[in-house]
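Q: next come a sequence and a model predicted from it.
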Amino acid sequence: MLEYLFFNQIIADKFIDFLKSKNLTWELHRDPMLDSIVVRTPEDIEDKLWDELDDYHESLGAEDQKLLEDTLQDIEEETNAAGIYIQLANGKQTIAQINPSIMNRMLDVITMDEFNEFVETIVSSVENPDDSPICKMNSSSS
């Protein structure tokens with residue numbers, strides 16, 4: 001299946017209308033972790049039509065992004081929350097809520113990549129406990 005990601009139902013509906021106009025079947029899937037909409041359609045279509053779908057999806061991308069940013073700005077004005085997605089070893093994802101002011105202070109001094117590496121190390125250590133002395137542990141980063 002080909003998958004097309006959207007963050008706004010209005011934009012997803014425009015894409016679905018386009019699929020209908022091309023007589024293509026589709027499935028709608030909601031991803032609660034990403035709060036997104038995934039529109040799936042079979043892969044067995046002509047290359048030209050595949051290109052049309054990709055081009056149309058890309059053309060909707062800016063509008064979808066703008067609506068997402070507007071929604072996030074509205075939410076940010078209403079609430080002050082932060083969280084991180086955590087991928088567990090069993091494939092499940094969860095969200096850890098973090099105090100926004102603490103998160104902002106951390107990101108003032110480290111990069112998001114460094115923060116993610118830090119969180120992944122903690123998750124791995126929780127899922128795979130190691131009670132050996134810290135001086136005997138191997139470090140994966142310098």
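A: Now that the structure is in, tell me what you want to look at.
Q: how far off centre is the lowest-mean-pLDDT helix or strand in the chain?
A: Within the chain, confidence by mean pLDDT, DSSP states H and E is lowest for strand 82-87 among all helices and strands, at a mean of 74. Distance of strand 82-87 from the chain centroid (C-alpha atoms, centre = their mean, to the nearest Å) equals 10 Å.
Q: for it, name the packing helices and strands.
A: strand 93-98, helix 100-109, helix 112-127 (3 or more C-beta pairs under 8 Å, 6 or more residues apart in numbering; DSSP states H and E). Just so you know, the C-beta spots here come from the backbone N, C-alpha and C atoms, and that holds for glycine as well.
Q: just send these back as TSV, with distance to residue 24 too.
A: Listed next are the helices and strands packed on strand 82-87 as TSV, based on distance: least, C-beta to C-beta, whole Å:
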stretch	distance to residue 24
strand 93-98	30
helix 100-109	42
helix 112-127	37
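Q: dump these to JSON lines, plus mean pLDDT, distance to residue 53 and mean neighbour count.
A: Rendered in JSON lines, the data for those read as follows (pLDDT from 0 to 100; distance: least, C-beta to C-beta, whole Å; neighbours: other C-beta atoms under 10 Å):
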{"stretch": "strand 93-98", "mean pLDDT": "76", "distance to residue 53": "28", "mean neighbour count": "12"}
{"stretch": "helix 100-109", "mean pLDDT": "82", "distance to residue 53": "37", "mean neighbour count": "11"}
{"stretch": "helix 112-127", "mean pLDDT": "85", "distance to residue 53": "32", "mean neighbour count": "12"}
